[in-house]
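# Sequence and predicted structure below; questions after.
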Amino acid sequence: MDAAQEAQKREALRESVVNTLKRHLFLIPSFDIYSGIDGPRSYGPPGCAVEGNVLAFWRQHFVLKEHMLEVQCPSIIPEVVLKASGHVDKSTDLMFQTSIDPSGLIPGYMRPETAQGIFVNFNDLYHANDNKLPFAAAQIGKAFRNEICPPQGLLRHCEFTLAEIEHFVDPENKSHPKFSGVSKLEIFMFPRDDQVSGRQARKMLIGEAVYKGIIGDETLGYFIGRVYLFLTCLGIDTDRLRFRQHLANEMEHYAVDCWDAEIESSYGWIMCVGIADRSTYDLLAHSAESGVPLEAHEKFAEPREVQSMKMNILSISKGKKKEHLPIKKKKEKEKEHLRVFTPSVTGSSFVIERIIYCLYEHLFHTRASKDGDKQQNVFRFPPLVAPIKCTVFPLGKNQQYEEVAKEIAKSLTALGISKRIDITGTSIGKRYAITDELGVPLAIAVDSTSSVIVRYRDSKEQVRVDVDEVASLVKEVIDGVSWANVLQRYPTHPS
């Protein structure tokens, strides 16, 4: 397939995906009734549900499992804070300026990232963690950059959701106690040297990459591994996910090393997560500007003997000026009970809208209808991502079946399972087609008052289940029980 054909194929995929998203209100043009305003998009009900599910899993995967401290900081930041961080000098043309008081005398900006709110509150967070390192703080919120939307209107926005992690660690010890849990993950990596020499991304064990110094330390490697697991659990194709190291000339001003999780889509390779070793830059910068030390302490069980250099100064008068000259250096032994230092930071920044759009493309496919006369669209969302977990509909116009369907819907709601009940009476084939386009994993068809048909979206296989059991079965599948297990336990029903 030549380049032109490949481009045409990508464009056709994007058109099919976007049309399906719009048809079912995953995405809505925000100001469509006013012509000439293009670019911003709103999430409709299914889109909101997908984003909510992704963020809920992000909290579970990172905040809960890693015992992180979650915060929520202001979206408007005083100019002095972003001056200290380097953003005012480096990125003013990408930031929205405003003021933070009615008089307009205190300039500020809409935040370009959520990280700075974490850094300036380091002392309080360190205290909340019992004055111990390492620890991580996390935040989900909107960020704002003066981006141009076209031609990648679904990927580049002026306003977007970031989920960010700032992990504080001793700069003299960047090992990670759980590194062994990710060291054997084999992922596509694109180191700086391979890019410069014209080679392609290659599979490599994370442990090997850290051992060879390709990834700088265990903490950076650990978060690369955790990001990989997060994205693949959502449904990102492992063969279309790579971790690319920044070239020296594209490194952010605060970073000593940075890797991007890039996902391949119809737009090409898209940066979706940045994982950076920010060293001590941020805390030192805010300490210097504010005059408030942002430091950690290490108490020694036993005093440590250290050598310090002592210098005698000779002052010489030359007219009205004085020169101060070192004349002698002397080594003296001292005992230290406490080490005071500035922590290093490993940061991870997730652009949620980009991740979700890439998910839509990776999980979209078409298959022949039952009669084979047309192609039907399907979103193969994993249950944890699916906006609706289950649909319920009675077959035909039967009052008893409708009552059973409503009771099942109530049982699903009681278990916290999102569902869609359809009593329109349209053909079962059409209702299944709509269910598949919405990416709903399971459908329940009510054709009796004692048992029902449960259909699995991906294989279209069906089983018969007693009415009293069906809600708990759906809960099991949503929580991770395989469909193969279901087939072993329940009698199949012909499609």
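Now that the structure is in, tell me what you want to look at.
# So for this protein, the centremost residue is which one?
residue 350 (3.7 Å; CA atoms, centre = their mean).
# My reading is that it is in a strand; is that accurate?
Yes: assessed by DSSP: H, G, I helix; E, B strand; the rest coil, residue 350 belongs to a strand.
# Can you name the residues that contact it?
Neighbouring residues of residue 350 by CB atoms under 8 Å, 6 or more residues apart in numbering: 58, 162, 163, 164, 227, 272, 273. For glycine as for every other residue, the C-beta is placed from the backbone atoms N, C-alpha and C.
# Farthest pair within those?
162 and 227 (14.1 Å; CB to CB).
# Those two: which is more packed in?
Taking other CB atoms under 10 Å, residue 162 and residue 227 do not tie; residue 227 has more neighbours (25 against 19).
# which residues in the stretch 151-300 of the chain form strands?
Remark: strands assigned in the stretch 151-300 of the chain by DSSP state E, counting those that start in this stretch are 159-169, 186-190, 202-205, 241-245, 257-265, 268-279, 296-318.
# Quickly list what the residue nearest to the centre of the chain is bridged to.
Judged by DSSP bridges, the bridge partners of residue 350 are residue 163, residue 273.
# what's the closest of the strands of the stretch 151-300 of the chain to residue 495?
Of these, nearest to residue 495 by CB to CB is strand 257-265, at 32.9 Å.
# so what's residue 284 closest to, chain neighbours aside?
Leaving out its chain neighbours, the residue that sits closest to residue 284 by CB to CB, 6 or more residues apart in numbering is residue 342, at 5.6 Å.
# What of residue 423?
Nearest to residue 423 is residue 402, by CB to CB, 6+ apart, at 5.4 Å.
# Using PDB, write out the CA atom coordinates for the helix or strand where residue 445 lies.
According to DSSP states H and E, residue 445 maps onto strand 442-446. Taking Å, rounded to 0.1, in the frame of the first residue of the first chain, the C-alpha atoms of strand 442-446 are listed here in PDB:
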ATOM      1  CA  LEU A 442     -24.000  -7.000  27.200                       C
ATOM      2  CA  ALA A 443     -27.600  -7.000  26.100                       C
ATOM      3  CA  ILE A 444     -30.500  -8.700  27.800                       C
ATOM      4  CA  ALA A 445     -33.500  -9.700  25.700                       C
ATOM      5  CA  VAL A 446     -36.700 -10.500  27.700                       C
END
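# Burial check on residue 119, number of neighbours?
25.
# isn't it right next to residue 280, touching?
No: counting by CB atoms under 8 Å, residue 119 stays clear of residue 280, with 10.9 Å between them.
# list residues touching both of those two?
Counting by CB under 8 Å, 6+ apart, the residues touching both residue 119 and residue 280 are residue 345.
# any idea how far residue 97 is from residue 285?
20 Å (CB to CB, to the nearest Å).
# Show me which of these two is the more surrounded one.
Each of residue 285 and residue 97 has its neighbours counted (other CB under 10 Å); residue 285 has more, 20 against 12.
# Which residue is the nearest non-sequential neighbour of that one?
Residue 285 sits nearest to residue 84 (CB to CB, 6+ apart), 4.9 Å away.
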